[in-house]
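**Q** Show me the folded form of this:
(chains A and B)
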Amino acid sequence: MRKKPKNITGSSLFATLRISLLISVLFIVGLLLLGSMFGGTFGTPHKLTLDFIGPLQSTVTRVTSGITAFKNDYVALWNVRAENKRLQALVDKYLTELGEYREGYSSYLHLEELLEFKEKQDFNPLMARVVGKEPVYWYQTIVVDRGESDDVLEGMIALTPHGVVGQVIHTGENYCKILLANAPSSAIDAMIQKNRIRGILKGVGEKGYVLHYVQKNVDVSVGDHIVTAGIGGVFPAGIPLGKVSVVHKKRRGMFQEIEVTPDVDFQKLEFVFIDPTDRRKILRDMVQPIER
Amino acid sequence: MLLFSFWVLGIALIVAQTTLLQFFPLWTGRPDFVFILVAFTGYRFAWIPGIILAFTLGWVMDIVAGIHLGFYPLLCLLTFTALKVLTSNSPVKESTYQIPLVGGSYFLIQMFYYFVYSLVLPEVLPEWSWSATTQRTALVVISAVPLFLLFNSLFEYVQKRRMQSKPPRRRQR
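**A** Numbering: from 1, shown residues only, chains lettered A, B, ... in the order given. Now for the predicted structure:
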């Protein structure tokens, strides 16, 4: 006797189940459809469906919005970048102009100060431009563009509105060399303005000046003004030299050591005024009657 | 031609030192270019052109910046002579001692300068400072490196041109 294969039996059972399931689903769908068409209420199945679909919709919408916004920002950035470049160029241009105007204004103030100084003087000062400065450590000299052709002679003094610059030591036809007041070889008769006590102001190079031969019992404080004493006929009296910065009173010795900060900034000299008074002639005239 | 080229270069360095360098702030230092050039002439130039170059450049610098005339040319001549004597027929390779010797000679020259002034014009002297002197010497040594490259290039260029302009020697039969 031939046995029926088991496969054929299993497959017919499976087919039956499938058909049953299909009918059940169609029946439920039909009921729901009838219920929603004719019922009119948003029932539980509807709500469940909505709550299921909603998050999916929300996720997709958010992603899409993000991509759209990113795209819009990227495109907009191009315009912003171009606008930024244009504005930056304008800013640079205005900054350059501002710098020029500032320099022009500063020069104007400086020249006004020089003119005011020139007009105040009882001598006719000769304005000279600084063209060269001494490069090494030992000397402190400058070269200016006035010389013998402008009646500049050795011994004439150089000033600025701030105070003493120095003295002419060598002259050429069109240029002369000025020994700065802060040179180590410079020594000026000076006095403390408040009490008229005299001393000798010696240059110490870049550090400024030191006032020597002021006795220890003299009242000197930081900030006191030091001016020319007018003794010796080289520098007229009362021209500013500097301000006291440090006072040293050592245990030994008769004198105190006074450091003075120059009023004139020797590093920034651009213009100086040369007093055309021949100081050496004055000195010679002073000496001659004594010799007679 | 060699002497003239280096003389023009020396004048240019003097002008640069007295004008351009002054615009830099103090703390950057101001190296002595002319001294470095004089040291170079001591290594490379013969006696007569070297003396002429050292003296004329020192003289110009003295006029532009010096107070007691004559001192700076003297220092330049001393530097040239000392370096010339030391380095002539030296068994040591030149590149080994060139730059250090510039620094050493600059340091000694400053001491010599201070010593002479302390004898002749002591009231003129600024306060001696070992740190400032050492700092200036270091600045000269650092500046000497690129300057020596420049000077060497110019020297070799002028020498080459001079060789090219000379007619070739005929062979004697």
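**Q** Please make it C-alpha for all contacts and neighbour counts, starting now.
**A** Noted.
**Q** Need the three-state assignment for the closest residue to chain B within the stretch 51-200 of chain A.
**A** Nearest to chain B in the stretch 51-200 of chain A, going by CA to the nearest CA, is residue A:185, at a distance of 4.1 Å. Of the three states, residue A:185 takes coil under DSSP: H, G, I helix; E, B strand; the rest coil.
**Q** Would you mind confirming that it makes contact with residue B:117?
**A** No. Residue A:185 is beyond contact range of residue B:117, at 11.0 Å (criterion: CA atoms under 8 Å).
**Q** Compare those two (neighbour count), which wins?
**A** residue A:185 (22 against 15; other CA atoms under 10 Å in any protein chain shown).
**Q** list the contacts for that one?
**A** A:202, A:203, B:123, B:124, B:125 (CA atoms under 8 Å, 6 or more residues apart in numbering or on different chains).
**Q** what does residue A:176 give?
**A** A:143, A:144, A:145, A:146, A:147, A:152, A:168, A:169, A:170.
**Q** for residue A:66, same thing?
**A** For residue A:66, counting by CA under 8 Å, 6+ apart, there are no contacting residues.
**Q** secondary structure class for it?
**A** Three-state call for residue A:66 (three-state DSSP): helix.
**Q** Parallel or antiparallel, which strands does the helix or strand containing residue A:166 pair with?
**A** Residue A:166 belongs to strand A:163-171 when assigned by DSSP states H and E. Each strand paired with strand A:163-171, and its direction, by DSSP bridges: strand A:157-160 (antiparallel), strand A:176-180 (antiparallel).
**Q** Same list, these, but as TSV with distance to residue A:89 and mean pLDDT please.
**A** As requested, the strands paired with strand A:163-171 are exported to TSV (distance: least, CA to CA, whole Å; pLDDT from 0 to 100):
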stretch	distance to residue A:89	mean pLDDT
strand A:157-160	41	90
strand A:176-180	46	90
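**Q** how close does the spatially most central residue of chain A get to residue A:275?
**A** Centroid-nearest residue in chain A: residue A:99, 12.1 Å away (criterion: CA atoms, centre = their mean). Per CA to CA, to the nearest Å, residue A:99 is found 34 Å from residue A:275.
**Q** ok, now residue B:118?
**A** Taking CA to CA, one finds residue B:118 at 33 Å from residue A:275.
**Q** More neighbours: which of these two?
**A** The neighbour comparison of residue B:118 against residue A:275 (other CA under 10 Å) goes to residue A:275, with 21 against 13.
**Q** what's the following helix or strand after whichever strand or helix holds residue A:105?
**A** Secondary structure assignment for residue A:105, by DSSP H and E: helix A:44-120. Remark: after helix A:44-120, the chain's next helix or strand is strand A:126-133, criterion DSSP H and E.
**Q** That next one vs strand A:176-180, what angle?
**A** Angle between the axes of strand A:126-133 and strand A:176-180 is 80 degrees (criterion: axes from the mean of the first three to the mean of the last three CA atoms, to 10 degrees).
**Q** For strand A:126-133, buried residues please.
**A** Neighbour-count burial for strand A:126-133, counted by 16 or more other CA atoms under 10 Å in any protein chain shown, picks out A:126, A:127, A:128, A:130, A:132, A:133.
**Q** For it, which strands pair with it and how are they oriented?
**A** For strand A:126-133, pairing defined by DSSP bridges yields strand A:141-144 (antiparallel), strand A:271-274 (antiparallel).
**Q** Residue A:223: neighbour count?
**A** Residue A:223: 13 neighbours (other CA under 10 Å).
**Q** Give me the residue at the spatial middle of chain B.
**A** residue B:38 (2.2 Å).
**Q** just checking, what packs against the helix or strand in which it is found?
**A** Using DSSP H and E, residue B:38 sits within helix B:33-44. The helices and strands touching helix B:33-44, judged by 3 or more CA pairs under 8 Å, 6 or more residues apart in numbering or on different chains; DSSP states H and E, are helix B:2-18, helix B:47-65, helix B:71-87, helix B:94-120, helix B:130-165.
**Q** So which of the ones you listed is nearest residue A:249?
**A** Nearest to residue A:249 among the helices and strands packed on helix B:33-44 is helix B:130-165 (25.1 Å), distances taken as CA to CA.
**Q** between that closest one and helix B:33-44, how many degrees?
**A** Going by the same axes, to 10 degrees, helix B:130-165 makes 50 degrees with helix B:33-44.
**Q** Is helix B:130-165 in proximity to chain A?
**A** No. If you take CA under 8 Å from any CA of the partner chain as the test, helix B:130-165 misses chain A, and the best it gets is 8.9 Å.
**Q** buried stuff in that helix?
**A** Quick answer for helix B:130-165 (16+ other CA under 10 Å): B:133, B:136-141, B:143-144, B:148, B:151, B:154-155, B:158.
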